[in-house]
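*Asks:* Quick one: sequence and predicted model below, then my questions.
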Amino acid sequence: MANSKELEFNKNDDRMRMRISQLNRKLEQVYLGGGEKRIEKLHSQGKLTARERINYLLDDDTHSIEIGAFAGDGMYKEYGGCPSGGVVIKIGYVSGKQCIVVANDATVKAGAWFPITGKKNLRAQEIAMENNLPIIYLVDSAGVFLPMQDEIFPDKEHFGRIFRNNAQMSSQGIIQIAAIMGSCVAGGAYLPIMSDEAMIVDKTGSIFLAGSYLVKAAIGEDIDNETLGGATTHCEISGVTDYKCDNDQDCLDRIKRIVDKIGDPNSAGFNRATPALPEKDVKDVYGVMPDERSKPYDMREIIKCLVDKSEFDEYKADYGKSIITATARIDGWAVGIVANQRAMVKSKKDGMQFGGVIYSDSADKAARFIMNCNQKKIPLLFLQDVTGFMVGSRSEHGGIIKDGAKMVNAMANSVVPKFTVVVGNSYGAGNYAMCGKAYDPRLIVGWPTAELAVMGGSQAAKVLLQIEVSSMKARGEKITKEKEQELFEKIKSKYDEQTSPYYAASRLWMDAIIDPKDTRTWVSMGIEAANQAPITKAYNVGVIQT
């Protein structure tokens, strides 16, 4: 038996490492942005790339996390793609202070804004506003990508929302610092100038509402871009920018000096003890987590790999066993964990319960635990591997809808920060109850084993197949078993592609796909960021009573 378990552990470990290797290969490609030739061209102009600028700005030997590295992955193929959405966003430390940095990638269509670029920039601002984080903009952009202007310009969550957020952050006292390190044109010119302080790099930075060609066409004036909106113009004549910088490095050094003098923020008061590593090796996750999404495993073994000293205190351990609720510490921070149990469990009320399914008693337990964490001011961590709520007459008669609504209500109204890690399945209403993207987790990430969809690929393919077969029969077509199997595989293949974590990450349904061993870093930095924004709202679960 021991040999069988060890063999399964090793198989899982090998498959997880293969998935992580694929993740790292894809990231290496993403990090090239628009490609090596465009990087070389940027260097020949005396400029650093977006990633080089961020790396220079962030403190050495400190952790950083990247938001939306896979944004735009596989999208806009007719335009040559848009790696990382044409903008790089990281949360890291500048002069010892945690900040979020947003840098246009000029190697991708000259830093032009695609629809996903706008969505990603808004996500960065949302993180800054939720956590009272200083935000630093490194601007180098040609403005809106004109062939897709109708999808980026006029709507509520489009380009104009950026400037609305600039104004909102200013009123809330959230520090905004902007560096004009390349082009900054048209409406985009408002972003740096609506920041608290703006600097511009001499000879390579320029900012204006209309460039020289448009000025010539509009009013007939002959003028070059440097005279129109370069560093000398805006630092000595217009007064639009506050500092003139010699080059990229000089500009980034000035930002470091500015941040160094910012006062400390108020604290939300989340509890932190001396950090400790788990007693279990974090990489043991690789062997515990099955590669096949239908296979059971004990979520407690995953939790032991993530929490300090591998210790946690389980709430209502013998009730509602298909969800684990527990308090623990991650890198010293107190957390309340809500996790789907993927092992088959036995309930005195319902008998054997399927792993990954939310039952009435589990939903009730989770709701009560979430309320307790809000009372105690403990941040919440959701570990998702959920196929949905239990269905059938027994569940319906037992009030599964009301219990599920109670859990969703308690979670949605939570005033403590929420963090979500999709470790496996994230299907249907289970995604919602376990704090999916729609419920405002401060950060949401997935492991390479994550799958997001209304339901699993096989189940969905069977439903869609039945519809397709009925339609074909109605047209008088004859369906053989071979034809039916061919249709099933075609439908399943397409559906599986859409459940991939890369599909989700490309659309910013998740902030990142991460190596499981980095989970502690993401959670710790997320809580540290959240701790800069004091809770100002009382917790109230609304109309559903417990």
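*Replies:* Arrived safely. Everything numeric in this text was worked out from a predicted model, so none of it was measured.
*Asks:* Quickly find the element holding the residue of the chain positioned farthest from its centre.
*Replies:* Distance from the C-alpha centroid of the chain, by C-alpha atoms, centre = their mean, peaks at residue 476 (47.8 Å). Counting by DSSP states H and E, no helix or strand carries residue 476.
*Asks:* quick one: it and residue 469, what's the gap?
*Replies:* Residue 476 is 13 Å from residue 469, where distance means C-beta to C-beta, to the nearest Å. Any C-beta I mention is one placed from the backbone N, CA and C, and that applies to glycine too.
*Asks:* Show me the strands in the stretch 151-300 of the chain, by range?
*Replies:* Assigned by DSSP state E, counting those that start in this stretch, the strands in the stretch 151-300 of the chain fall at 176-185, 197-201, 206-208, 243-245.
*Asks:* Residue 83: which of those is closest?
*Replies:* For these, proximity to residue 83 was assessed by C-beta to C-beta; strand 176-185 is nearest, at 17.5 Å.
*Asks:* after the helix or strand of the chain with the lowest mean pLDDT comes which helix or strand?
*Replies:* Across the helices and strands of the chain, the lowest-confidence element by mean pLDDT, DSSP states H and E is helix 393-397, at a mean of 67. Moving toward the C-terminus from helix 393-397, the next helix or strand (DSSP H and E) is helix 400-412.
*Asks:* what's in contact with that next one?
*Replies:* Applying C-beta atoms under 8 Å, 6 or more residues apart in numbering, the set of residues contacting helix 400-412 from outside is 358-361, 363-364, 366-368, 370-371, 380, 389-391, 418, 429, 432-435, 439, 541-544, 546.
*Asks:* now, which of the residues you listed lie within strands?
*Replies:* Among the contacts of helix 400-412, DSSP state E puts 358, 380, 389, 418 in strands.
*Asks:* would you turn these into a markdown table with pLDDT?
*Replies:* What follows is those, written out as a markdown table (pLDDT from 0 to 100):
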| residue | pLDDT |
| --- | --- |
| 358 | 93 |
| 380 | 98 |
| 389 | 85 |
| 418 | 98 |
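*Asks:* from those residues, which is closest to residue 238?
*Replies:* Taking C-beta to C-beta as the measure, residue 238 lies nearest residue 418 of the ones in strands among the contacts of helix 400-412, at 44.5 Å.
*Asks:* hang on, the earlier thing: nearest to residue 501, of the strands of the stretch 151-300 of the chain?
*Replies:* Residue 501 sits nearest to strand 176-185 of all the strands of the stretch 151-300 of the chain, at 32.0 Å, using C-beta to C-beta.
*Asks:* That closest one pairs with which strands, parallel or anti?
*Replies:* strand 135-141 (parallel), strand 197-201 (parallel), strand 206-208 (parallel) (DSSP bridges).
*Asks:* ok, the residue nearest to residue 185 when sequence neighbours are not counted - contacts?
*Replies:* Take residue 185 and drop its neighbours on the chain: the residue closest to it by C-beta to C-beta, 6 or more residues apart in numbering is residue 143, 4.7 Å away. Residue 143 is in contact with 112, 113, 183, 185, 186, 187, 188, counting by C-beta under 8 Å, 6+ apart.
*Asks:* same thing but at 6 Å, please
*Replies:* With C-beta atoms under 6 Å, 6 or more residues apart in numbering as the criterion, the residues that contact residue 143 are 185, 186, 188.
*Asks:* cool, and residue 534?
*Replies:* Each residue near residue 534 by C-beta under 6 Å, 6+ apart is listed here: 266, 268.
*Asks:* I'd guess it is in a strand, am I close?
*Replies:* No: counting by DSSP: H, G, I helix; E, B strand; the rest coil, residue 534 is not part of a strand but coil.
*Asks:* For the longest helix along the chain, buried residues please.
*Replies:* Using DSSP state H, we find that the single longest helix of the chain is helix 2-30. Neighbour-count burial for helix 2-30, counted by 16 or more other C-beta atoms under 10 Å, picks out 12, 13, 15, 16, 19, 20, 23, 26, 30.
*Asks:* what comes into contact with stretch 295-313?
*Replies:* For stretch 295-313, the surrounding residues in contact (C-beta under 6 Å, 6+ apart) are 276, 278-280, 282, 284-285, 288, 290, 324, 326-330, 339, 341-344, 355, 519.
*Asks:* ok, back up a step: right, and the helix or strand after the longest helix of the chain?
*Replies:* According to DSSP H and E, the helix or strand after helix 2-30 is helix 36-44.
*Asks:* Could you list the alpha-carbon positions for that following helix in CSV?
*Replies:* C-alpha atoms of helix 36-44 as CSV (Å, rounded to 0.1, in the frame of the first residue of the first chain):
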residue,chain,number,x,y,z
GLU,A,36,14.4,40.8,-29.6
LYS,A,37,14.6,43.1,-32.7
ARG,A,38,12.3,45.6,-31.1
ILE,A,39,14.2,45.4,-27.8
GLU,A,40,17.4,46.1,-29.6
LYS,A,41,15.8,49.1,-31.4
LEU,A,42,14.7,50.5,-28.0
HIS,A,43,18.2,50.1,-26.6
SER,A,44,19.7,51.9,-29.6
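*Asks:* That helix versus strand 135-141: what angle between them?
*Replies:* For helix 36-44 against strand 135-141, the angle by axes from the mean of the first three to the mean of the last three C-alpha atoms, to 10 degrees is 100 degrees.
*Asks:* Beyond helix 36-44, next helix or strand please.
*Replies:* Scanning forward in sequence from helix 36-44 by DSSP H and E, the next helix or strand is helix 50-57.
*Asks:* Would you mind pulling the contact partners of that following helix?
*Replies:* Residues contacting helix 50-57 (C-beta under 6 Å, 6+ apart): 88, 90, 94, 101, 103, 105, 138, 252.
*Asks:* Helix, strand or coil: sort out the fifth one for me.
*Replies:* Put plainly, it is residue 103. What three-state DSSP gives for residue 103 is strand.
*Asks:* tell me the contacts of it?
*Replies:* Counted by C-beta under 6 Å, 6+ apart, residue 103 has contacts 50, 53, 54, 88, 138.
*Asks:* where does this protein dip in pLDDT?
*Replies:* Flagging of the chain using pLDDT under 70 yields the residue ranges 1-2, 187, 348-351, 391-392, 395, 397-398, 456-457, 460-461, 542-546.
*Asks:* Swap in 50 and give it another go.
*Replies:* Scanning the chain for pLDDT under 50 picks out 546.
*Asks:* Can you get me a residue count around residue 380?
*Replies:* Around residue 380 there are 22 other residues, counting by other C-beta atoms under 10 Å.
*Asks:* what's across from it in the sheet?
*Replies:* Here residue 380, judged by DSSP bridges, has bridge partners residue 336, residue 418.
*Asks:* related to what we said a few turns ago, mind checking which of the contacts of stretch 295-313 are buried?
*Replies:* Among the contacts of stretch 295-313, those buried by neighbour count (16+ other C-beta under 10 Å) are 278, 280, 282, 284-285, 288, 290, 324, 326-330, 339, 341-343, 355, 519.
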